[in-house]
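> using only what follows, build the 3D model:
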Amino acid sequence: NVHEALGGSGVKDGKVYAVQGKYTYFHYLQDCFDDAGWGCAYRSLQTIISWFILNKYTNVDVPTHRAIQETLVRIGDKPPSFVGGRQWIGSFEISYVLDTLLGVTSKVLTFNSGEEIPTKAREIAQHFSQEGTPIMIGGGVLAYTLLGIDYNDLTGECAFLILDPHYTEGEEIKKICAGGWVGWKRLGDKAAAGGDLFVKNAFYNFLCPQRPRVV
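A predicted model of the protein is given here:
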């Protein structure tokens, strides 16, 4: 849980709603596998599945990129030639894999532009309060994992706890935090790898996995 080394977000009188339980931070180049430039959504999916494993909801192993691709081919979403390639996947593919491998359903929050994201801060806070699972951020640009939100429901001020899968170095908490690979971000802030985190003219899907209900 690399975010636990962070300080506050700076939101005045905000309340933090964050991932509940443990997860593993998956990012580019782990396990001696070069996915730089195309594997960010795969890594976000691996982080999400690690949450379900570590919190005792499943006994499956974290799937490799190839296993994820094979799953999408098996259910008919992708052609056989997809396996072994370097094609991006997005929030819908991730939802299919979660459903197929774990039986986990997901809700999707859709935004027509990056500027709209704070307008659903209340729904995002509610997700972390009720479900507590990591959220995959996908859409028209790069993929990220959302671990929480600091939100003042009176003023609407908010900051987002972003886990960035584009990190390519070793498992050093200080370096990960100092480089902004995990950190509090606001609308208009830059991503750790450069460029706007939330692009004004890009659409976004926030994939919100639902915690299994134990009867």
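> contacts for stretch 199-207, please.
90-92, 94-95, 106-115, 117, 120, 124, 135-141, 146, 198 (CB atoms under 8 Å, 6 or more residues apart in numbering). The way it works is simple: take the backbone N, C-alpha and C, and place the C-beta from them, glycine included.
> ok, now with 6 Å
With contacts defined as CB atoms under 6 Å, 6 or more residues apart in numbering, stretch 199-207 is touched by 91, 94-95, 106, 108-115, 135-141.
> buried stuff in that stretch?
199, 204-207 (16 or more other CB atoms under 10 Å).
> and what of stretch 172-188?
176-177, 180-187.
> same question, stretch 18-33
Along stretch 18-33, these residues count as buried under the neighbour rule (16+ other CB under 10 Å): 18-20, 23, 25-28, 30.
> closest to Asp77 out of the residues you listed?
Among the buried residues of stretch 18-33, Phe26 lies closest to Asp77 (CB to CB), at 21.6 Å.
> the closest one contacts Leu45, correct?
No - counting by CB atoms under 6 Å, Phe26 does not reach Leu45; the two are 8.3 Å apart.
> tell me how far the spatially most central residue of the chain lies from Gly84.
Nearest residue to the geometric centre of the chain (CA atoms, centre = their mean): Thr145, 1.9 Å. Distance of Thr145 to Gly84, computed by CB to CB, to the nearest Å: 25 Å.
> same question, Tyr57
With CB to CB as the criterion, Tyr57 and Gly84 are 30 Å apart.
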